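Peer 1: Structure for this input, please:
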Amino acid sequence: MPTQAIDPRTHAVLSGISRVAVLEVLRAGTEPLDVSAIAGQVGLHPNTVRSHLDRLVSVGLVEEAAEARVRPGRPRLLYRATVPVEEAPEDSYRLLAGILAGGLAGGPASGAEAAVAAGRRWGGGLVLEPLAPLEADAATRRIVEILGEVGFSPKVGERQSTPEADVDAGSHVLIELHRCPFLDVAREHPDIVCSVHRGLMEGALERLQAPGVGVTLEPFARPSVCLLHLTTPAAIPTDG
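Peer 2: Take a look at the predicted model:
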């Protein structure tokens with residue numbers, strides 16, 4: 001999925017995950033919202049939401065207006081996105097916000113735990129084929145296809161048997177991820193974004209009924225390249 005081209009100042013504003021979630025709430029809404037309503041949807045303190053809104057307004061992504069009132073009292077400030085969700089181009093930041101918006105209000109789980117859970121839901125939703133169990137090799141090939149569809153530009157390395165080329169041992173596949181769809185956000189919040197990506201693969205494997213494939217992710221093992229390790233379980237010996 002291509003990332004929408006935006007200017008550097010807007011890019012910097014959108015590098016905060018919770019700020020993007022605030023924008024996503026406004027883009028998805030049909031009516032302007034006040035700070036309290038936005039805070040309730042994203043699970044952040046109203047003062048934090050107000051700070052995010054100020055930055056979004058400063059780059060023109062959100063508009064602020066006083067509520068029209070005929071009663072005495074100070075009118076509320078209402079906010080709306082300058083481009084509604086149905087008209088906005090799809091971009092990686094909006095996709096990430098959609099994945100994480102619910103997790104920000106997800107209760108006691110840590111940010112990384114919520115990100116893994118959100119990624120697992122995302123990965124499970126990407127598997128549309130009939131629910132028939134896949135062998136580990138077939139599941140690995142399907143994961144590579146999904147990574148390509150999402151936009152990672154995966155490059156598969158050589159399969160290695162472990163340990164010592166034992167025919168009954170499991171195997172290890174190294175996959176280079178040459179393009180992160182959320183690169184700028186990942187550099188600022190690698191624990192969150194990489195947890196989403198790990199959860200994506202775990203959720204897809206679970207949906208493929210291949211939970212025995214292990215997932216290990218090395219963020220930025222080389223400049224702009226992450227490494228994904230998929231390990232398949234060893235064969236279970238049979239009697240006789």
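Peer 1: could you pull out the helices for this structure?
Peer 2: 8-13, 17-28, 35-42, 46-58, 92-104, 111-126, 136-150, 183-188, 190-207 (DSSP state H).
Peer 1: Ok, which of these comes nearest residue 80?
Peer 2: Ranking these by proximity to residue 80 (C-beta to C-beta) places helix 17-28 first, at 5.8 Å. C-betas here are computed from N, CA, C, even on glycine.
Peer 1: Could I get the CA-only coordinates of the closest one as CSV?
Peer 2: What follows is helix 17-28 as a C-alpha-only set of coordinates in CSV (Å, rounded to 0.1, in the frame of the first residue of the first chain):
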residue,chain,number,x,y,z
ILE,A,17,0.6,7.2,17.1
SER,A,18,-1.9,8.7,19.6
ARG,A,19,-2.1,11.9,17.6
VAL,A,20,-3.0,9.9,14.5
ALA,A,21,-5.6,8.1,16.5
VAL,A,22,-7.2,11.4,17.4
LEU,A,23,-7.2,12.4,13.7
GLU,A,24,-8.8,9.0,12.8
VAL,A,25,-11.6,9.5,15.2
LEU,A,26,-12.4,12.9,13.6
ARG,A,27,-12.1,11.6,10.1
ALA,A,28,-14.5,8.7,10.9
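Peer 1: Which elements pack onto that helix?
Peer 2: Counting contacts by 3 or more C-beta pairs under 8 Å, 6 or more residues apart in numbering; DSSP states H and E, helix 17-28 packs against helix 35-42, helix 46-58, strand 77-81, helix 92-104.
Peer 1: tell me the mean pLDDT for that helix?
Peer 2: In this model, helix 17-28 carries a mean pLDDT of 81.
Peer 1: Could you tell me the angle between that helix and helix 111-126?
Peer 2: Counting by axes from the mean of the first three to the mean of the last three C-alpha atoms, to 10 degrees, helix 17-28 lies at 40 degrees to helix 111-126.
Peer 1: Specify the angle between helix 17-28 and strand 77-81 in degrees.
Peer 2: Using the same axes, to 10 degrees: helix 17-28 against strand 77-81 is 90 degrees.
Peer 1: So what angle separates the directions of helix 17-28 and helix 46-58?
Peer 2: Put simply, helix 17-28 runs at 70 degrees to helix 46-58, going by the same axes, to 10 degrees.
Peer 1: if we can go back for a sec, now mean neighbour count and distance to residue 74 too, for the helices of the chain, in JSON lines please.
Peer 2: What follows is the helices of the chain, written out as JSON lines (neighbours: other C-beta atoms under 10 Å; distance: least, C-beta to C-beta, whole Å):
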{"stretch": "helix 8-13", "mean neighbour count": "14", "distance to residue 74": "28"}
{"stretch": "helix 17-28", "mean neighbour count": "24", "distance to residue 74": "22"}
{"stretch": "helix 35-42", "mean neighbour count": "18", "distance to residue 74": "13"}
{"stretch": "helix 46-58", "mean neighbour count": "17", "distance to residue 74": "15"}
{"stretch": "helix 92-104", "mean neighbour count": "22", "distance to residue 74": "29"}
{"stretch": "helix 111-126", "mean neighbour count": "20", "distance to residue 74": "35"}
{"stretch": "helix 136-150", "mean neighbour count": "18", "distance to residue 74": "46"}
{"stretch": "helix 183-188", "mean neighbour count": "17", "distance to residue 74": "36"}
{"stretch": "helix 190-207", "mean neighbour count": "22", "distance to residue 74": "37"}
